[in-house]
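# Fold the following, please.
(one chain, ligands or ions: 1)
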Amino acid sequence: MGLNVEIRINIEEAARPEDLSAKEQQVISAAKNAAARAYAPYSKFHVGAALLLTSGELVTGNNQENAAYPDGLCAERVAMFAANANHPDSGIQLLAVTAMMNDEFLEEPVYPCGSCRQSLLESENRFQQPIRILMYGKNRIQIVNSVKDLLPLSFDASFLK
Ligand code: THU
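Prediction:
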């Protein structure tokens, strides 16, 4: 028998935004507003993301789809790339993400896809700033304190040296 390695992650849970700090509530609210502006005519799955940068700025994004399906982009990366393009010296301290279908927010939290996790990890490493991720659903908000919790055994620039 070989050695087994167990990886544990800590997921905080809050019942509603009011249980979180004022800043966190503001970021969740911005993500909800961003979801309503998504361009998702194909999936009809409207995702919103909001980032609080280390500079204090708030940047939002939402999913942008395309008739050529793979050319669309997720809300998290739209927000993160906009932040990096316009505020290249600021890391991300908080990210909130949520999704709506048929004009209703999902009851359970939505989780960033694998490609977004990889892109967000680049930001953590680039700015040496862990991102606290708030995943909002009507029933609960789940929170992790680093992208590394969502992407264990990750590939990063250290392999390229
Ligand atoms: N999507 C996001 O924007 N973020 C996620 O975390 C999950 C998926 C988008 C991509 C696509 O436009 C739609 O949701 C359905 O997959």
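
# where does the chain have low pLDDT?
Low-confidence segments of the chain, defined by pLDDT under 70: none present.

# how about the residues of it that lie near the ligand?
Residues of the chain found near the ligand, taking C-beta under 6 Å from any ligand atom as the criterion, are 40, 43, 45, 47, 63, 65, 72, 74-76, 97, 110, 112-113, 116. Placement of C-beta: from N, CA and C, glycine included.

# Would you map the strands across the protein?
Taking DSSP state E as the test, the strands found in the chain are 12-14, 46-53, 58-62, 92-101, 104-105, 132-136, 141-144.

# about what we covered before: return the members of the residues of the chain next to the ligand classed as buried.
The neighbour-count test (16 or more other C-beta atoms under 10 Å) marks 40, 45, 47, 63, 65, 72, 74-76, 97, 110, 112, 116 as buried among the residues of the chain next to the ligand.

# C-alpha coordinates for stretch 27-40, CSV please?
The C-alpha atoms that make up stretch 27-40 are tabulated as CSV, following Å, rounded to 0.1, in the frame of the first residue of the first chain:
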residue,chain,number,x,y,z
VAL,A,27,-19.3,43.2,-3.1
ILE,A,28,-22.1,40.6,-3.1
SER,A,29,-24.6,43.2,-4.1
ALA,A,30,-22.4,44.4,-6.9
ALA,A,31,-22.1,40.8,-8.2
LYS,A,32,-25.9,40.4,-8.1
ASN,A,33,-26.3,43.6,-10.1
ALA,A,34,-23.7,42.5,-12.6
ALA,A,35,-25.5,39.2,-13.1
ALA,A,36,-28.5,41.1,-14.3
ARG,A,37,-26.4,42.7,-17.0
ALA,A,38,-24.9,39.4,-18.4
TYR,A,39,-25.0,38.6,-22.1
ALA,A,40,-26.1,35.0,-22.0
